[in-house]
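# need a 3D model of the following:
(chains A, B, C and D)
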2 protein chains.
Amino acid sequence: MDVNRALAAFAALSQETRLRIVRLLVTAGPEGLSAGTIGEAMDGASSSRMSFHLAQLEQAGLVTSRREGRSIFYSAAYPALAGLVEFLMRDCCQGHPEVCTPVVAALSCGCAAPDPSAVGASASRKTTM
Amino acid sequence: MDVNRALAAFAALSQETRLRIVRLLVTAGPEGLSAGTIGEAMDGASSSRMSFHLAQLEQAGLVTSRREGRSIFYSAAYPALAGLVEFLMRDCCQGHPEVCTPVVAALSCGCAAPDPSAVGASASRKTTM
DNA sequence: TCAATAATTCAACATTTATTGAGATATAAA
DNA sequence: TTTATATCTCAATAAATGTTGAATTATTGA
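Predicted coordinates:
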């Protein structure tokens, strides 16, 4: 994640419809949702409007797309989201632990508890699904 | 951090000069820097331009200001930055541990190592989603 | 009080961004 | 092949954003 990519990602996330789309796709999982389904969830936004925003998100690297029959499915680009947070935090925590600490605490949403003593990586994956 | 505040923060961070200012202030520490000093660091940007961007950042809640003599000092709003990441991650990790895990790993920038003995207990404490 | 310093405010302008509606493209089914 | 479905592309327009330069406010020191 370099500065320009971060700028593009922040710009993409600064628009209400797009932020809603990203949140929707993040919770939708890796399979994603079709453009039409997303449009319905966005208060029935027009198809051209959806295309515009989905293209912006894809351009910013925050979502990926694939065709499946007549539909095009969009999915959250999880690594890009993680990379963006990494970028932001890398800039935030230089010498200021008070910034990181509460974030790490917040990330204990049950899915990412890092444990240095836990050798088996997959075992430390405490899923609550 | 609600949606509108997050949108404002993302918008503020999506502009190159402002992103540079935030990064500069974050590394500058709690005392912050004067508007003039920041302007010099921004390739000698004009004072009105600096005022514009600093006002945007303050409006977005990402920096705070205080007058000291003739100068006005701007500081990073660390809690707001942490809150933004929290917001983004709260949206990102619902049911998808693979998103959070690498971020938490990246946050081991040396300043926010979570107490290993508390991992089991606190991590199982699920925040409301 | 007057001059110097530090920063802000404002109006004008240029640029960028978002929405709309019409039409084009791709796929699937009749 | 024809029709329907799903989505994209494009041009026009509206709205928001960033830069500039001049004028203004606040503070300090002579």
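# for the rest of this, base every contact and every neighbour count on C-alpha atoms.
Noted.
# excluding its backbone neighbours, what's nearest the residue most central in space within chain A?
In chain A, the centroid-proximal residue (CA atoms, centre = their mean) is residue A:81; its distance is 4.0 Å. Among residues not flanking residue A:81 along the chain, residue A:62 sits closest, at 6.6 Å (CA to CA, 6 or more residues apart in numbering or on different chains).
# got phi/psi on the one you found?
When read as degrees, to the nearest 10, the backbone of residue A:62 gives phi -90, psi -20.
# and it, how many neighbours?
22 (other CA atoms under 10 Å in any protein chain shown).
# now do the buried residues in the helix ranked longest in chain A.
Across chain A, the longest stretch assigned as helix under DSSP state H is helix A:78-92. Across helix A:78-92, burial judged by 16 or more other CA atoms under 10 Å in any protein chain shown covers A:78-90, A:92.
# same question, stretch A:67-81
Quick answer for stretch A:67-81 (16+ other CA under 10 Å): A:73-81.
# could you do stretch A:20-37 as well?
Here stretch A:20-37 shows A:20-28, A:32-36 as buried, counting by 16+ other CA under 10 Å.
# turn those into CSV, including secondary structure.
As requested, the buried residues of stretch A:20-37 are exported to CSV (DSSP: H, G, I helix; E, B strand; the rest coil):
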residue, secondary structure
A:20, helix
A:21, helix
A:22, helix
A:23, helix
A:24, helix
A:25, helix
A:26, helix
A:27, helix
A:28, helix
A:32, coil
A:33, strand
A:34, strand
A:35, helix
A:36, helix
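# nearest to residue A:12 among these?
Nearest to residue A:12, judged by CA to CA, of the buried residues of stretch A:20-37 is residue A:22 at 9.5 Å.
# tell me the contacts of the residue of chain A found nearest DNA strand C?
When scored by CA to the nearest atom of the strand, chain A has residue A:69 as its residue closest to DNA strand C, at 3.3 Å. Listed by CA atoms under 8 Å, 6 or more residues apart in numbering or on different chains, residue A:69 has no contact partners.
# among the buried residues of stretch A:20-37, which are in reach of chain B?
The residues of the buried residues of stretch A:20-37 that also fall near chain B, by CA under 8 Å from any CA of the partner chain, are A:23, A:26-27.
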